[in-house]
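Colleague: My questions are about this predicted structure, shown below with the sequence.
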Amino acid sequence: AGAMGIDVMIDGKMMSFVDVAPTAWYAADVRAAAEAGIVSGYKDKYGKLTGKFGPGNNITMAEALKIALEGAGYNEEVYARTISSGVNHWSSAYVSVAMAEGFPIIPRGTVLDRQATRAEVAALISASFMVDQDTNLVGIPYTDVNERTEYGIQIESLTRDKVISGDTDVDGQLTHTFRPTERINRAEVTKMVVKAKATYGMKGEGRIPGGSSSSMTNNDNMVTYDANGFSPQV
């Protein structure tokens, strides 16, 4: 397996992504993301890692949300204890973060398992890393993105900061297209999030519901309120 794929350290254990070739353009980013706890690959019905990452598979809205928030360092469990997402899905806690932080796009219900577009992923990454928005779109370098493009501002802002650069041809030259409404695969999104983390830092680290940051890292210091009152009471 190691000869066919790449070895990664996940939760202190060495494993291989058998479907990620060591020479692939995304191999280093997948390894970095896995060892940072951003991705872990597919699991079977028992929750056991299968050793497959699925780099060429189109990413779903839920998967893109999870990768973006993990990359930015949010503690989704803290948000989930305070804000109910209202969905019965493995990504429920991540939806709670999107709701609390006022993301421009909040995937819910069947949308969670829908394949994400390239523009939607740009919006999720931009919101997760709190990217300053360029609102004039005067310098956008893509022929297929303009002021009427949904999430065009987020696309331009990530391009401005060199997190994304659009398509290239077989010679590696920019084609000046982004294809905002087309699907995007797991390898591409992983590379974008690793680049965003390096560019902006972990903007979600230490944040709590309410849009503030907390220096407290011990979850025992979190106070929640529901129909039964405060917890803890003292």
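Modeller: That came in fine, so what should we check first?
Colleague: Check which helix or strand V97 maps to.
Modeller: V97 belongs to helix 92-100 when assigned by DSSP states H and E.
Colleague: For the very next helix or strand once past that helix, what is the distance to the chain centroid?
Modeller: Next in sequence after helix 92-100, counting helices and strands by DSSP H and E, comes helix 118-128. Distance, stretch centre to chain centre, for helix 118-128: 8 Å (CA atoms, centre = their mean, to the nearest Å).
Colleague: re the thing from before, need the residues that contact the helix holding V97.
Modeller: Outside helix 92-100, the residues that touch it by CB atoms under 8 Å, 6 or more residues apart in numbering are 62, 65-66, 69, 74, 76-77, 79-80, 82-85, 87, 89, 105-108, 112, 124, 127, 204, 209-211. Just so you know, the C-beta spots here come from the backbone N, C-alpha and C atoms, and that holds for glycine as well.
Colleague: Not counting its neighbours along the chain, what's nearest the residue sitting nearest the centre point of the chain?
Modeller: The chain has A68 as the residue nearest its centroid, 1.6 Å off, counting by CA atoms, centre = their mean. Nearest non-adjacent residue to A68, counting by CB to CB, 6 or more residues apart in numbering: S128, 4.0 Å away.
Colleague: what's the burial count for the one you found?
Modeller: S128 has 30 neighbours, counted by other CB atoms under 10 Å.
Colleague: just checking, what packs against the helix or strand containing T159?
Modeller: Using DSSP H and E, T159 maps to helix 152-160. For helix 152-160, the elements it packs on are helix 118-128, judged by 3 or more CB pairs under 8 Å, 6 or more residues apart in numbering; DSSP states H and E.
Colleague: mind showing which ranges of this protein have poor pLDDT?
Modeller: 1-3, 134-138, 211-221, 233-234 (pLDDT under 70).
Colleague: quick one, longest helix in the protein?
Modeller: Scanning the chain for the longest helix, with DSSP state H as the assignment, gives helix 186-200.
Colleague: Give me the helices and strands touching it, please.
Modeller: Secondary-structure packing of helix 186-200 (3+ CB pairs under 8 Å, 6+ apart): helix 27-35, helix 61-72, helix 118-128.
Colleague: what inclination does the first one have with respect to helix 61-72?
Modeller: To tie it back to what came earlier, the one meant is helix 27-35. Counting by axes from the mean of the first three to the mean of the last three CA atoms, to 10 degrees, helix 27-35 lies at 80 degrees to helix 61-72.
Colleague: Now do the helix holding T159: distance to the chain's middle.
Modeller: For helix 152-160, the separation from the chain centroid amounts to 16 Å (computed by CA atoms, centre = their mean).
Colleague: Kindly format the C-alpha coordinates of the helix holding V97 as CSV.
Modeller: Output of helix 92-100 as CSV, limited to C-alpha atoms (Å, rounded to 0.1, in the frame of the first residue of the first chain):
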residue,chain,number,x,y,z
SER,A,92,-24.6,18.7,12.1
ALA,A,93,-22.0,20.3,14.4
TYR,A,94,-20.3,22.0,11.4
VAL,A,95,-23.7,23.4,10.3
SER,A,96,-24.0,24.9,13.8
VAL,A,97,-20.8,26.8,13.2
ALA,A,98,-22.0,28.1,9.9
MET,A,99,-25.2,29.3,11.5
ALA,A,100,-23.5,30.9,14.4
